[in-house]
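[1] structure for this input, please:
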Amino acid sequence: MLYAIMESGLHPLSKLNLLFKFADDTTLVVSADSDVGLDQEFQDVKDWALVNKMILNLIKTKEIVFQRPNFKEHQQQALAWRVDVCTR
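    Here you go, the predicted structure:
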């Protein structure tokens, strides 16, 4: 309950980025188009935690990068590796 009350003051620095909060977990989504990068956003979360006397479990903190594949590059790599490419 304490986290739910305290996390209400936690917001992303950029309006293009998203912060999802559920129970005691927080997910930060930083767009490639954002004017504020992941480093700045994550530093803000760490600063917020310090000010609010909360501990971030950095062992459980993960970064996942999603990107659209460059199909031509993927196709060339597959040809170099002699792998069939399915196109539909």
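[2] this protein: helices as residue ranges?
    2-6, 38-51, 71-80 (DSSP state H).
[3] which parts of stretch 25-36 are buried?
    Thr26, Leu28, Val30, Ser34, Val36 (16 or more other Cβ atoms under 10 Å). From N, CA and C alone the C-beta is placed, and that goes for glycine too.
[4] wait, the third one sits on Gly37?
    Looking back up the chat, that one is Val30. Yes: counting by Cβ atoms under 8 Å, Gly37 is a contact partner of Val30 at 6.8 Å.
[5] quick one: contacts for His11?
    Contact partners of His11, counting by Cβ atoms under 8 Å, 6 or more residues apart in numbering, are Leu19.
[6] now swap in Leu18 and tell me
    Pro12, Thr27, Leu28, Val29.
[7] what bridges to it?
    Val29 (DSSP bridges).
[8] correct me if wrong: Asp35 contacts Leu16.
    Yes: taking contacts as Cβ under 8 Å, Asp35 lies within contact range of Leu16: 6.7 Å.
[9] for Glu63, see how far away Lys46 is.
    14 Å (Cβ to Cβ, to the nearest Å).
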